[in-house]
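Chemist: Just the structure for this:
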Amino acid sequence: MGEVERKKMKILCLHGFRTSGSFLKKQISKWDSSIFAHFDMDFPDGIYPAGGKSDIEGIFPGPYFEWFQFNEDFTEYTNLEECINYLCEYITSKGPFDGLLGFSQGATLAALLLGYQAQGKILMDQPKMKLYVSISGSKFREPSICEVAYKEPIKVKSIHFIGEKDWLKLPSEELATAFENPLIISHPQGHTVPRLDEDAVQKLKNWTEEIFLDLFQSKSTPLQSSEDAELGKTKNEEESKTATPSQSVTINGQNVVAINGQSCFSATASSPEQDLVQY
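Modeler: Next comes the predicted model:
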């Protein structure tokens, strides 16, 4: 058990548009620290200085950065290839990484990296990512990108935070469908890293611990007899036969259910407000 306890999952965390790695770290700090007990989290800054006003000016100190630039319809991108190349080099030199976490532009970019890796376009010399945490992410819309990145369901364990008042609510729901069996957590807030209640914290802890054990259990086999392993296998098979396909999470008094990877949302209109400054 000692070997498992000493290890952590290395997670690359990508911040939102015209913010910074330190700001995302601040946003995430509102979550219970026990959620990240098995995480070693890296918060780099985007490679380009902010090309315009940041929404967090006067709220959080700069400098501010962006990963790439885009047009109003989010169908044309500038410096995207350079950004992908930079992150591939970063992952290769600083990794290997076990997963990605992102907010807004960072979540969108992280999903693209996972899709490209799954299709053998990038990071072919790196281990496959094991997990993905998306907060207000979305898909790219350029057809040539979509045909590769989302060609098949991305087989990475993923969790998607989607705000009922988020101006990216619908694109975030669409991004979740690009993943195999996503866990979807809805919250009543907008374009922000949401605050979590006790039930959501426990769900997240269970989710990360399950992935952690899957990742490192094979390295602790000397502590488990073949008989115990067989009993565990039999137990898991029996549990899987009786397990419900639904997953439920309550946030701020709202009960949210994901059934077979598809979320059940209340019919709430999206808000155009971009309240990512709420940290």
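
Chemist: Can you mark which positions in stretch 173-182 are buried?
Modeler: By neighbour count on 16 or more other C-beta atoms under 10 Å, the buried set for stretch 173-182 is 173, 175-179, 182. Bear in mind the C-beta positions are built from the backbone N, C-alpha and C, glycine included.

Chemist: any idea which of those is closest to C13?
Modeler: When these are compared for distance to C13 (C-beta to C-beta), L175 wins out at 17.3 Å.

Chemist: contacting residues for the closest one?
Modeler: With contacts defined as C-beta atoms under 8 Å, 6 or more residues apart in numbering, L175 is in contact with 107-108, 111, 134, 137-139, 160.

Chemist: coming back round to it: list just the nearest of the buried residues of stretch 173-182 to L14.
Modeler: Distance to L14, by C-beta to C-beta, is smallest for L175 among the buried residues of stretch 173-182, at 14.2 Å.

Chemist: How about the secondary structure of the closest one?
Modeler: Secondary structure of L175, reduced to three states by DSSP: H, G, I helix; E, B strand; the rest coil: helix.

Chemist: and it, how far is that from T19?
Modeler: Here L175 is placed at a distance of 20 Å from T19 (C-beta to C-beta, to the nearest Å).

Chemist: what do you get for E72?
Modeler: From E72 to T19 the distance is 20 Å (C-beta to C-beta).

Chemist: For these two, work out which one has more neighbours and name it.
Modeler: Higher neighbour count among E72 and T19: T19, with 29 against 6, using other C-beta atoms under 10 Å.

Chemist: gap between that one and A200?
Modeler: From T19 over to A200 the distance is 23 Å, taken as C-beta to C-beta.

Chemist: go on, Q105?
Modeler: For Q105, the distance to A200 under the criterion C-beta to C-beta works out to 24 Å.

Chemist: cool, and K128?
Modeler: With C-beta to C-beta as the criterion, K128 and A200 are 27 Å apart.

Chemist: now the helices for the stretch 1-150 of the chain?
Modeler: Assigned by DSSP state H, counting those that start in this stretch, the stretch 1-150 of the chain shows helices spanning 2-6, 21-28, 80-94, 105-118, 143-149.

Chemist: of all those helices, which gets the most neighbours per residue?
Modeler: Neighbour counts (mean count of other C-beta atoms under 10 Å) averaged over each of the helices of the stretch 1-150 of the chain peak at helix 105-118, with a mean of 24.

Chemist: between that helix and helix 80-94, how many degrees?
Modeler: Angle, helix 105-118 to helix 80-94, by axes from the mean of the first three to the mean of the last three C-alpha atoms, to 10 degrees: 80 degrees.

Chemist: Show me what helix 105-118 is packed up against.
Modeler: Using 3 or more C-beta pairs under 8 Å, 6 or more residues apart in numbering; DSSP states H and E as the contact definition, the elements that helix 105-118 packs against are strand 9-14, helix 80-94, strand 99-103, strand 131-135, helix 143-149, helix 169-176.

Chemist: ok so, going back, show me which of K128 and A200 is the more surrounded one.
Modeler: Set K128 next to A200 and count neighbours by other C-beta under 10 Å: A200 wins out with 23 against 12.

Chemist: for the strand or helix carrying that one, which positions count as buried?
Modeler: Taking DSSP states H and E as the criterion, A200 maps to helix 198-216. With burial defined by 16+ other C-beta under 10 Å, the residues of helix 198-216 counted as buried are 200, 202-205, 207-208, 211-212, 215-216.

Chemist: Tell me the one of those nearest G99?
Modeler: Using C-beta to C-beta, the shortest approach to G99 within the buried residues of helix 198-216 belongs to I211, at 7.9 Å.

Chemist: Would you mind measuring from the residue nearest to the closest one when sequence neighbours are not counted to H191?
Modeler: Setting aside the residues directly before and after it, I211 is nearest to L131 in space (C-beta to C-beta, 6 or more residues apart in numbering), at 5.2 Å. When distance is defined by C-beta to C-beta, L131 is 23 Å away from H191.
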